[in-house]
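Peer 1: Test case, fold it:
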Amino acid sequence: MCAKSLIKVGFMSRLDYGSSDYRIGLWHLAAEVFAKEKVNYVSLLGGLVDGAALEKTLAVFLQGIKKEERETARFAFIQDAANFLKKNIPVIKGVKIYVITSPPYDKQIGEQIAEMLAEMRSDVLLYRAGGDRFELKQIEKILGAYAPKKGVWMRGDYYDTPILRMLKDEKKRTTRGIGDVVAAGGFGAAIFHPGDSSDIRRPYFSIPALCKIGEVRTGENQVGVTIAEWTTSNPKEVTYKVYSFKDLLADEWSSIEAPAGISKVQKAIVDALQKRGPLTVGLLDDFTGYTRKEIEHELEGLMSRKANTTWPSIVQKADKRYYLDMSWFCDKARYKLPVVDKVESFLAFACAHSGSRHTDMQYIYDVLPRLFGDNNLDMFVGVGDFIEGLKHDLMLRKELIPTKIGVMNYTMQERLCTFLWGNAICRVFKYRFENWVKKHGSKNIAKKELFSFIKNNLPRFVFINGNHCAWVEDLGFDPLATFYGGLKTYISNQVTKLLEEYDLCANDLNDLVREKLIFLHQNECYKTPSGLPIVLLHPSMGRTKTTSIRPQEMLQKAEDTHGYVVFGGNFHVGEVVHHWDFEYGQRICLQLGTLKVKSGFEETKLKTVDFGAGMLRVGTAKKRIVTTETTFYCTQTEDVQKGNERVMEEFYKWLETIK
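Peer 2: As a prediction, the model looks like this:
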């Protein structure tokens, strides 16, 4: 049973009214999403209008108007814009919209339009330009919401760069703090960082654009909306949900309906424009198979057809090409979010470093199985560095946990992994199995039903080794060989014992367990049962100050094997990064932190780690990602040493059973 929602906030950014890139249809789609999600309120962070575009339009509008009449004309222009927004920004029943304008995006004209809009509509409230704070009363925390105040940004490939620059400037400027959790709008990106390892030391997330991306000022890539939901009072444990709309814009021309009653030639012309974009008569000749004379004749009739709710009309521009009328897409086009047909869900971790005295083993032993079960997830994902290893004199540096039974060597560390992750998998299965038996009764369960239940409810575990795991290769051993073999035996034995308690047994249990444990190579693509291609990467490299660099590099690397979802580790930094491209559509990298609360090495390098595991839920429609939902669970054990001592006692008991 998922935890109860305490507060849910909807975010949008960059409506950009006034440019040729605004889309009223996206505004309506956003409202539908916010209503469906039952948000408490909505915040618009920057880009209510495209101020630069409106200023150019205003300058043309004022030409020929007498000087003494220009102020009145300017007021009328602003009023018309406010009235347009009043009419076309959808009302969401019972939901207020808090507007924060951005001086470089909205400019002064946008602020004035926003002021007038707030006077016209009681559900629209105007907050301070550039940023403000909201009380999250339900969790007794403060949300900082910001949009750019400066107009000078360095164009770059990395999504975090302008966001961190803006937030660091705000942190230096403010005397009240930037909030316990921070939302950043204006940059057309969709990232989330739990915060501990970042320069601002606050969890922060960014908001996609809600317009067609025309000019790329920073690194705009995302179109859609975001939902932020809290189920605990820890601001870092926000569930960050992204609805991607960019596929709808990429296929915008294909979504129109040709007018009824048109000729075969006209239908061929429309089809060619939908598939190819703007075309000359000569190119229409090539792509339709009809002669220039036929095309020119039929174009006359087609261009005379007026636009309606489903047809934009055709226009010819100075380049002699024929276009579907783009102004129709701004105002009249409407979009439907594809119906999600498949959902896959994961609980992922990296860098558990079993054997380290800084690893929070009680979190692994007790919390992870509970998180998996409470969220009803499909599979565990382990992204390397299961063990601490012995290189760099870690034993002499007292980085390893002391034991009662000798040295915490490689074999012991991998056995400890077997115990920890075997326990996590089996506890989830035990919880599900016992609930199932209560409903059905053990005497009424047929063997086929039992086998089907085990197959569907024993968690799948997908994993790779990491650089610490691979240190044994220098000694001539395969990484995680002891762990992998031991885990199969552990799970088979535990499931068998559980079934025997109910006088049940399952045929082919060992084969079934083997199918559930997927040991991958780096960047090897694995298709989940629903067909979602995932990739696991544990690069042997260090972190960077701009934290989105590594996730973006991993997304690029995973293109080699066509991975849509990438799980990354090694940097002890948590971050979610979304990236859209035409071939694959929406993709996501979930970079995991660590299950160590710190390390001696990182302490001497002035580094802070992001602790915890990450939950990811991916909704797809026709093999394209539509929604993603991520949460970093960051609450560590209050007393790690005592917790580890307790888990080690359980580990010793288990070791006695396998002698």
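Peer 1: At which residues are the strands of the stretch 251-400 of the chain located?
Peer 2: Remark: strands assigned in the stretch 251-400 of the chain by DSSP state E, counting those that start in this stretch are 314-316, 322-324, 342-349, 379-383.
Peer 1: What's the mean pLDDT across the last one?
Peer 2: Yep, that's strand 379-383 we're talking about. Here strand 379-383 scores 98 as its mean pLDDT.
Peer 1: Now do it: distance to the chain's middle.
Peer 2: 17 Å (C-alpha atoms, centre = their mean, to the nearest Å).
Peer 1: how far off strand 342-349 does it point, in degrees?
Peer 2: With axes from the mean of the first three to the mean of the last three C-alpha atoms, to 10 degrees as the basis, strand 379-383 and strand 342-349 are set at 40 degrees to each other.
Peer 1: So which of the strands of the stretch 251-400 of the chain is nearest Asp50?
Peer 2: Nearest to Asp50 among those is strand 322-324 (21.0 Å), distances taken as C-beta to C-beta. The way it works is simple: take the backbone N, C-alpha and C, and place the C-beta from them, glycine included.
Peer 1: Other residues contacting that closest one?
Peer 2: 253, 256, 269, 273-274, 278-281, 284, 299, 312-317 (C-beta atoms under 8 Å, 6 or more residues apart in numbering).
Peer 1: Could you identify which of the strands of the stretch 251-400 of the chain is most buried?
Peer 2: Comparing the strands of the stretch 251-400 of the chain by mean neighbour count (mean count of other C-beta atoms under 10 Å), strand 379-383 ranks first with a mean of 25.
Peer 1: returning to what we had before: out of the strands of the stretch 251-400 of the chain, nearest to Trp27?
Peer 2: Across these, closest to Trp27 is strand 322-324 (C-beta to C-beta), at 20.5 Å.
Peer 1: Once you drop chain neighbours, what's closest to Leu125?
Peer 2: For Leu125, ignoring the flanking residues on the chain, the nearest one in space by C-beta to C-beta, 6 or more residues apart in numbering is Tyr98 at 5.3 Å.
Peer 1: did I read that right, the one you found in a strand?
Peer 2: Yes. Applying DSSP: H, G, I helix; E, B strand; the rest coil, one finds Tyr98 inside a strand.
Peer 1: So which bits of stretch 279-298 are buried?
Peer 2: For stretch 279-298, burial by neighbour count (16 or more other C-beta atoms under 10 Å) applies to Leu279, Val281, Leu283, Leu284, Asp285, Phe287, Thr288, Tyr290, Glu294, Ile295, Glu298.
Peer 1: Now the phi/psi pair for the residue lying closest to Gly46 once chain neighbours are set aside, please.
Peer 2: Distances taken as C-beta to C-beta, 6+ apart place Ala147 nearest to Gly46, at 2.9 Å, with adjacent residues excluded. Dihedral pair for Ala147: phi -130, psi 160, per degrees, to the nearest 10.
Peer 1: what are the pairing partners of the helix or strand in which Ala183 is found, and which direction each?
Peer 2: Counting by DSSP states H and E, the element that carries Ala183 is strand 181-184. Here strand 181-184 is paired, per DSSP bridges, with strand 141-146 (parallel), strand 204-206 (parallel).
Peer 1: Tell me which of the ones you listed lies nearest to His392.
Peer 2: Using C-beta to C-beta, these put strand 204-206 closest to His392, at 33.0 Å.
Peer 1: which residues are contacting that closest one?
Peer 2: With contacts defined as C-beta under 8 Å, 6+ apart, strand 204-206 is touched by 159, 163, 167, 181-185, 187, 189-193, 195, 198, 226, 228, 238, 240.
Peer 1: mind listing which of those are in helices?
Peer 2: Counting by DSSP state H, the contacts of strand 204-206 place Ile163, Leu167 in helices.
Peer 1: Provide a list of residue ranges in the stretch 501-650 of the chain with pLDDT below threshold.
Peer 2: By pLDDT under 70, the low-scoring segments of the stretch 501-650 of the chain are 604, 606.
Peer 1: Do a quick rundown of the helices in it.
Peer 2: 509-516, 549-558, 600-604, 640-657 (DSSP state H, counting those that start in this stretch).
Peer 1: Highest mean neighbour count out of those helices?
Peer 2: Counting by mean count of other C-beta under 10 Å, helix 549-558 has the highest mean neighbour count of these, with a mean of 21.
Peer 1: what's the worst-scoring helix or strand of the chain on mean pLDDT in contact with?
Peer 2: Lowest by mean pLDDT, DSSP states H and E among the helices and strands of the chain is helix 600-604, with a mean of 71. Residues outside helix 600-604 that contact it (C-beta under 8 Å, 6+ apart): His358, His392, Arg397, Glu399, His572, Thr608, Val609.
Peer 1: Nearest to Pro479, out of those residues: which one, please.
Peer 2: If you rank those by distance to Pro479 using C-beta to C-beta, His392 comes first, at 17.2 Å.
Peer 1: which non-adjacent residue is nearest that closest one?
Peer 2: Nearest non-adjacent residue to His392, counting by C-beta to C-beta, 6+ apart: Phe601, 7.6 Å away.
Peer 1: any idea how far that neighbour is from Ser254?
Peer 2: For Phe601, the distance to Ser254 equals 53 Å [C-beta to C-beta, to the nearest Å].
Peer 1: same deal with Tyr146?
Peer 2: 37 Å.
Peer 1: Between these two, tell me which one has more neighbours.
Peer 2: Counted by other C-beta atoms under 10 Å, Tyr146 and Ser254 do not tie: Tyr146 has more neighbours, with 26 against 9.
Peer 1: looking at it, that one is touching Val181, isn't it?
Peer 2: No. Checked against C-beta atoms under 8 Å, the pair Tyr146 and Val181 is beyond contact range at 11.8 Å.
Peer 1: which of the residues in the longest helix along the chain are buried?
Peer 2: Looking across the chain with DSSP H, the single longest helix is helix 410-440. Residues of helix 410-440 classed as buried: 410, 412-433, 437 (neighbour count, 16+ other C-beta under 10 Å).
Peer 1: Next, count neighbours for Gly563.
Peer 2: Burial of Gly563 is recorded as 26 neighbouring residues (other C-beta under 10 Å).
Peer 1: wait, it sits on Lys527?
Peer 2: No. The criterion here is C-beta under 8 Å, and Gly563 misses it with Lys527 at 9.9 Å.
Peer 1: Can you work out which residues contact both of these two?
Peer 2: Shared contacts of Gly563 and Lys527 (C-beta under 8 Å, 6+ apart): Pro533, Ile534.
Peer 1: Outside of stretch 249-256 itself, list whatever touches it.
Peer 2: By C-beta under 8 Å, 6+ apart, the residues outside stretch 249-256 that reach it are 23, 212, 223, 248, 273-275, 277, 310-312, 324, 329, 333, 335, 582.
Peer 1: Helices along the stretch 51-200 of the chain, start to end?
Peer 2: 51-62, 70-88, 103-120, 160-173.
Peer 1: Name the residues that touch the shortest one?
Peer 2: Read that as helix 51-62. Counting by C-beta under 8 Å, 6+ apart, 16-20, 70, 73-74, 77, 81, 104-110, 113 sit against helix 51-62.
Peer 1: Buried subset of those, written for ChimeraX?
Peer 2: The following ChimeraX selection, which keeps only the buried ones among those, applies the criterion 16+ other C-beta under 10 Å:
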select :16,17,18,19,74,77,81,104,105,106,107,109,110,113
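Peer 1: re the thing from before, would you write a PyMOL line that selects the buried entries of the contacts of strand 204-206?
Peer 2: A single PyMOL command is used to select the members of the contacts of strand 204-206 judged buried by 16+ other C-beta under 10 Å:
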select buried, resi 159+163+167+181+182+183+184+185+187+189+190+191+192+193+195+198+226+228+238+240
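Peer 1: Going along the chain, name the helices of the stretch 251-400 of the chain.
Peer 2: Going by DSSP H, counting those that start in this stretch, the stretch 251-400 of the chain shows helices at 264-276, 281-288, 292-303, 326-331, 361-362, 368-374.
Peer 1: Now mean pLDDT too, for the ones you listed, in JSON lines please.
Peer 2: Putting these into JSON lines (pLDDT from 0 to 100) gives the following:
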{"stretch": "helix 264-276", "mean pLDDT": "89"}
{"stretch": "helix 281-288", "mean pLDDT": "90"}
{"stretch": "helix 292-303", "mean pLDDT": "88"}
{"stretch": "helix 326-331", "mean pLDDT": "92"}
{"stretch": "helix 361-362", "mean pLDDT": "96"}
{"stretch": "helix 368-374", "mean pLDDT": "96"}
